[in-house]
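Student: The following block contains a protein sequence and its predicted model.
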Amino acid sequence: MNRPPAARLRLAIRGAVQGVGFRPFVHHLAAELQLAGWVNNGPQGVSIEVEGARPQLESFLLRIAAENPPRSFIQSLEASWLDPLGFTGFEIRASEVHGDKTALVLPDVATCSECLREIFDPANRRFRYPFTNCTHCGPRFSIIESLPYDRANTVMKSFVMCPQCQAEYDDPGDRRFHAQPNACPVCGPRLQLLAPKGEAVCSGHQALLETARLLRAGSIVAVKGLGGFHLMVDARREEAVRRLRERKHREEKPLATLFPSLESVQALCEVSPLEQRLLSSPEAPIVLLKKLASCDAHVTPSVAPGNPNLGVMLPSNPLQHLLLAELNFPVVATSGNLTDEPICTSEEEALERLQGIADAFLAHNRPIVRHVDDSIVRVMLDRELVLRRARGFAPLPVLVRGAAPGAQKVLGVGAHLKNAVALGVGDQVFISQHIGDLETEQAHAAFRRVIADFEKLYETKPEIIAADLHPDYLSTQFAQKSGIKHVGVQHHLAHVLSCMAENELPPPVLGVAWDGTGYGLDGSIWGGEFFLVTHEKAERVAQLLPFRLPGGDKAVKEPRRAAAGLLHEMFGPPALGWQDLAPIAAFSPAELAPLKVMLARGVNSPWCSSVGRLFDAVASLVNLRQQNHFEGQAAMALEFMLEGIEDAGHYEFPLVTQDEDPPLLLDWSPTIAAILGDLKSGASVGEISARFHAALTEAIVETARRLGQSRVVLSGGCFQNRYLTQRTVTRLREEKFQPYWHQRVPPNDGGIALGQVVAVRRQGG
């Protein structure tokens with residue numbers, strides 16, 4: 001009987017294939033099929049050559065894609081059939097270090113079930129070891145210094161493995177085979193509890209026990225995690241949470257809560273099957289959940305004041321698992337920073353910047369290469385919507401096919417708020433972790449570090465930098481001073497292009513970009529825009545009817561100013577004397593006098609077409625909020641009033657055709673007039689909110705109908721609002737339109753950088 005002829009199969013695999021046990025998987029598969037050859041990591045991914053009988057090679061090729069490790073995914077697999085070379089045996093070769101670096105760096109991955117069992121098993125050598133990991137879990141993005149992903153290119157190179165760990169690392173049959181952060185209590189990182197001035201109190205497991213004691217007593221402890229420090233405090237203690245807010249200068253913005261178990265979450269919050277999956281997923285994000293009536297008795301209301309939702313997460317690393325198992329109650333786990341600053345990543349930084357906030361510091365000696373916040377997700381329309389993209393998601397790319405020639409390497413530097421950057425290399429756009437608002441020098445320094453870090457990690461220098469048009473944004477100024485060709489991209493068009501890219505949606509589409517603030521092409525403040533995007537161009541075809549914002553940027557923090565601008569636009573100067581209206585009554589006579597002058601003369605009162613500011617104005621009119629303590633607070637309060645309200649009808653929001661060409665105008669004045677009438681007749685705030693939200697939805701549907709475009713893209717911060725998004729999608733579908741919205745890229749300004757890169761690609765550089 002003749003043996004099947006031998007052949008050689010060469011594979012080039014790109015995707016999330018480094019740091020996930022991919023090479024051990026290939027080794028096992030080759031051994032099972034009795035194939036010879038080799039596998040290695042390279043700057044672009046994984047390379048494989050195997051040879052043997054043709055049937056076995058064909059089976060190998062099919063099973064690579066079907067059986068790859070659970071945390072991996074394959075973006076492309078290029079196969080070539082060649083003549084055999086006579087390989088004997090199968091080996092894992094040393095990694096290649098030359099060539100363009102486009103391999104996917106895997107995000108940090110939550111503790112797997114096998115490692116979890118080990119840290120709670122008294123008979124296991126990793127019992128209570130807070131740095132336990134394997135190829136299925138543990139740090140990746142936060143510890144890698146360069147590609148390819150090998151131990152020598154991570155911070156773990158300074159920890160020499162003991163004989164037992166080395167044996168695991170070298171054994172193809174062990175799940176720690178080539179697990180780069182592999183360590184144990186003998187050879188790995190160690191915990192240390194520090195007093196406020198940095199002196200060591202205790203170390204090892206005793207440090208964890210002492211931390212638990214401090215938290216039970218109401219102390220605030222800064223705890224070093226995978227991507228930076230968390231500030232932790234007992235979530236049950238009102239006084240302790242208020243003290244944290246005072247020290248952190250965070251008045252009312254919700255705080256994230258870390259629970260010990262899924263069961264403890266289910267006792268206090270509504271948890272759908274999809275929300276349960278998210279909480280327990282390898283990404284382990286903060287998930288926004290609806291509180292049950294019993295929640296306030298176990299998590300003090302000051303954790304999320306006036307909010308029916310709670311930001312909840314489960315332990316994502318062994319240290320958190322061990323600490324929460326010791327405590328067995330929920331703790332606040334908020335970013336270790338002052339408001340508007342990036343999180344601290346080193347002990348020295350934490351001791352300096354968190355002085356006066358934390359009563360103690362639970363630290364460790366594994367360095368953090370880059371800060372990575374917790375991601376935030378909410379479930380909307382039976383799928384996830386990422387609101388903050390960081391741990392678990394960054395820096396995975398979005399695949400943008402068909403890049404125009406001459407614009408292969410593009411850096412998008414994002415916006416001013418919720419900043420993230422994006423680097424386009426070939427068809428991949430790598431999106432950074434959340435950086436935050438560029439309000440402080442520390443945040444701006446973090447922004448510059450992330451850009452330099454991306455350039456170093458992928459050994460790429462951008463040919464073009466794409467930036468927002470706003471001249472005062474620090475990100476825009478960075479692009480202008482870079483010495484590299486830079487291109488301005490309109491803020492709201494970037495929103496639309498970001499959503500199109502994520503949904504792999506080619507033109508034509510009608511893009512709806514609604515948010516709080518964005519610099520318009522005419523120098524005014526945009527935020528209620530509709531774009532018709534075709535292959536040839538992107539044209540603004542409709543917008544919210546403009547009104548003035550007295551005080552400019554001050555209006556972002558004072559909804560009463562947006563309301564005053566609306567009333568002045570509708571009724572003229574007399575409206576600013578109507579003390580029976582909540583926004584006018586909220587001003588003192590001394591504050592009203594200059595306001596009247598500003599609006600009468602148009603001084604420091606820019607025109608605005610922002611739906612976000614319209615939300616603020618309505619919240620002010622119904623007296624929900626006259627001052628914002630954090631971005632979007634008034635709009636959130638208006639959304640929260642919808643609880644228990646059935647369909648209450650909708651206000652009118654007519655489309656007005658101008659004498660000239662587009663854009664069409666969405667006229668808010670009938671809605672405001674109807675709200676004032678409802679207030680006089682005693683309608684509830686919930687009914688008014690429902691009719692207002694429904695009016696916005698109908699305006700989108702009518703605009704799509706008028707413009708005749710079946711595919712409608714929804715982007716911008718306003719579409720973080722669950723009610724608005726769900727109702728809009730439902731109504732568009734009812735009217736036979738095809739709606740698209742965000743999933744794994746934020747609809748807020750965290751998605752702007754992706755859209756900027758796509759805009760340059762559309763222009764061809």
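Tutor: Sure thing, it's come through.
Student: show me the contacts for residue 239.
Tutor: By Cβ atoms under 8 Å, 6 or more residues apart in numbering, the contact set of residue 239 is residue 218. C-betas here are computed from N, CA, C, even on glycine.
Student: pLDDT value on it, please?
Tutor: pLDDT recorded at residue 239 is 97.
Student: do you know how far it is from residue 233?
Tutor: Per Cβ to Cβ, to the nearest Å, residue 239 is found 10 Å from residue 233.
Student: Quick check: nearest residue in space to residue 373, chain neighbours excluded?
Tutor: Leaving aside its sequence neighbours, residue 373 sits nearest to residue 390 (Cβ to Cβ, 6 or more residues apart in numbering; 4.2 Å).
Student: where does the chain have its least confident helix or strand?
Tutor: strand 73-82 (a mean of 71; mean pLDDT, DSSP states H and E).
Student: all strands of the stretch 201-350 of the chain, in order?
Tutor: Applying DSSP state E, counting those that start in this stretch to the stretch 201-350 of the chain gives strands spanning 221-224, 229-234, 257-258, 286-290, 309-313, 331-335.
Student: try the stretch 501-650 of the chain
Tutor: Along the stretch 501-650 of the chain, counting by DSSP E, counting those that start in this stretch, strands occupy 509-519, 525-533, 538-544, 547-548, 607-610.
Student: Of those strands, give the one that comes closest to residue 676.
Tutor: Evaluated over the strands of the stretch 501-650 of the chain, closeness to residue 676 peaks at strand 547-548, with 15.3 Å, by Cβ to Cβ.
Student: Give me the sheet partners of that closest one and which way each runs.
Tutor: If you go by DSSP bridges, strand 547-548 pairs up with strand 607-610 (antiparallel).
Student: just to revisit the earlier point, rebuild the strands of the stretch 501-650 of the chain as JSON lines, extending it with distance to residue 224.
Tutor: Below are the strands of the stretch 501-650 of the chain laid out as JSON lines (distance: least, Cβ to Cβ, whole Å):
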{"stretch": "strand 509-519", "distance to residue 224": "34"}
{"stretch": "strand 525-533", "distance to residue 224": "39"}
{"stretch": "strand 538-544", "distance to residue 224": "45"}
{"stretch": "strand 547-548", "distance to residue 224": "48"}
{"stretch": "strand 607-610", "distance to residue 224": "40"}
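Student: Go through the ones you listed and name the closest to residue 677.
Tutor: Closest to residue 677 of those is strand 547-548 (Cβ to Cβ; 19.3 Å).
Student: for the closest one, what is the average pLDDT?
Tutor: Throughout strand 547-548, pLDDT has a mean value of 96.
Student: can you check stretch 15-24 too?
Tutor: On average, the pLDDT along stretch 15-24 is 81.
Student: which residues sit against it?
Tutor: If you take Cβ under 8 Å, 6+ apart as the criterion, stretch 15-24 is touched by 13, 39-41, 45-46, 68-76, 92, 103-106, 134-136, 140, 144, 147-149, 172, 175, 177-180, 396.
Student: Buried among the residues you listed? Make that a PyMOL selection.
Tutor: Buried subset of the contacts of stretch 15-24, written as a PyMOL selection, criterion 16 or more other Cβ atoms under 10 Å:
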select buried, resi 13+39+40+41+45+46+68+69+71+72+74+75+92+103+104+105+106+134+135+136+140+144+147+148+149+175+177+178+179+180+396
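Student: Point out where the stretch 1-150 of the chain drops to low pLDDT.
Tutor: 1-5, 44, 73, 75-76, 78, 97-103 (pLDDT under 70).
Student: Mind jotting down where the strands sit in it?
Tutor: With strands called from DSSP E, counting those that start in this stretch, the stretch 1-150 of the chain shows them at 6-16, 36-42, 45-53, 73-82, 90-92.
Student: Just tell me which of these ends up closest to residue 320.
Tutor: strand 6-16 (23.7 Å).
Student: can you tell me the average pLDDT over stretch 162-179?
Tutor: Mean pLDDT, computed over stretch 162-179, is 92.
Student: do stretch 373-392 as well
Tutor: For stretch 373-392, the per-residue pLDDT averages 93.
Student: what comes up buried for that stretch?
Tutor: In terms of neighbour count (16+ other Cβ under 10 Å), stretch 373-392 has its buried residues at 373-380, 384-392.
Student: circling back: can you redo the strands of the stretch 1-150 of the chain as JSON lines, where the extra columns are distance to residue 608?
Tutor: Putting these into JSON lines (distance: least, Cβ to Cβ, whole Å) gives the following:
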{"stretch": "strand 6-16", "distance to residue 608": "43"}
{"stretch": "strand 36-42", "distance to residue 608": "51"}
{"stretch": "strand 45-53", "distance to residue 608": "47"}
{"stretch": "strand 73-82", "distance to residue 608": "42"}
{"stretch": "strand 90-92", "distance to residue 608": "60"}
